[in-house]
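S.K.: After the sequence you'll find the predicted model.
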Amino acid sequence: REDTAKDILELTSPTTKIVSQGIDQMMVWEKELSETSHISVLQFINRLHECGDSPVATVMKAAVNGGKNAPSTDGTAVFSSDKLIGFLDGEETKYLLFARDEVKGGMLNQKEYKDGVLTSIALEILQSQTKLKPEYSNGKLSMNMDIFAETVLVELGGTVDFINEENKEKLKKDVQQTLNKDIQNLIQKVQKEYKKDVFGFGKVVKKEMPELWKTIEPHWEEIFEDLDVRISSSIDITHSALSGKPLKINN
């Protein structure tokens, strides 16, 4: 996000005297947050030349850390071939990683309105798996995306008990709906604004339907723009990391 890479490398790393080494450590740690894409130079180069899987890269910026400007990640950069065409922020990057089956951790945040109370809830992602299955019917291609995520309840605001089974089931359904909607919104944004398949849908079609891919590859960008993606998610809240039920204080 700065003018040059030099501007980043002249910053101060909070963990080491060697800035590039500090950036490398930060990339390893932040991989567990699923808020930035981690892609090697070799992977980037390969995706430059592969139809159906457009390249992306981690975004770096300067941010205040301990009173000093230090390197920080800032979502994902989207490319058309080797030309930068736009950005995805941290939240959007998380949904990109869900679509690509590359989520390694992070949080799902949910707002629940129940019993007249608005409650902020945070679920930590323990593990996640996404399966993509292309479908071709009546001359039209579509993509089915099935997501499973195992989570743990780590933060609960307000006084409503979302640990009991009834409320926990409602929470699971609401989180699933929110995740489906957020991923769908990102896909539609990329289709409309960037028109580049950063999700690797074309790569999946090539693997699952090689004969069909031979005929549609020259037109993949146009097909991707109108590709219907059906998303279904299953969220499992395995347990709660909270010490107990929310406290109710009587005035």
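M.R.: Good, I have the coordinates.
S.K.: What are the boundaries of the strands in the stretch 51-200 of the chain?
M.R.: Assigned by DSSP state E, counting those that start in this stretch, the stretch 51-200 of the chain shows strands spanning 56-65, 68-80, 83-88, 107-114, 117-137, 140-156.
S.K.: Would you list the strands that the fourth one pairs with, along with their directions?
M.R.: Which is strand 107-114. Strand 107-114 sits in its sheet next to strand 117-137 (antiparallel), going by DSSP bridges.
S.K.: just the angle between the partner strand and strand 140-156, please?
M.R.: 160 degrees (axes from the mean of the first three to the mean of the last three C-alpha atoms, to 10 degrees).
S.K.: In strand 117-137, which residues are buried?
M.R.: Using 16 or more other C-beta atoms under 10 Å as the test for burial, strand 117-137 gives 119, 121, 122, 123, 125, 128, 130, 132, 134. Where C-beta positions appear, they are placed from N, C-alpha and C, glycine not excepted.
S.K.: What of stretch 142-160?
M.R.: Using 16+ other C-beta under 10 Å as the test for burial, stretch 142-160 gives 143, 145, 147, 149, 150, 151, 152, 153, 156, 158, 160.
S.K.: Any idea which of the residues you listed the model trusts least?
M.R.: Lowest in pLDDT among the buried residues of stretch 142-160 is residue 158, which has 75.
S.K.: How about that residue, nearest residue that isn't a chain neighbour?
M.R.: residue 119 (3.9 Å; C-beta to C-beta, 6 or more residues apart in numbering).
S.K.: pretty sure that neighbour is touching residue 161, no?
M.R.: No. Judged on C-beta atoms under 8 Å, residue 119 makes no contact with residue 161 at a distance of 10.0 Å.
S.K.: can you pull up the bridge partners for the residue nearest to residue 193 when sequence neighbours are not counted?
M.R.: Excluding the flanking residues, the one nearest residue 193 by C-beta to C-beta, 6+ apart is residue 86, at 6.5 Å. Counting by DSSP bridges, residue 86 is bridged to residue 78.
S.K.: circling back to that earlier point, may I see the strands of the stretch 51-200 of the chain organised as JSON lines, with distance to residue 212 added?
M.R.: Shown next, in JSON lines, are the strands of the stretch 51-200 of the chain (distance: least, C-beta to C-beta, whole Å):
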{"stretch": "strand 56-65", "distance to residue 212": "26"}
{"stretch": "strand 68-80", "distance to residue 212": "24"}
{"stretch": "strand 83-88", "distance to residue 212": "28"}
{"stretch": "strand 107-114", "distance to residue 212": "35"}
{"stretch": "strand 117-137", "distance to residue 212": "6"}
{"stretch": "strand 140-156", "distance to residue 212": "8"}
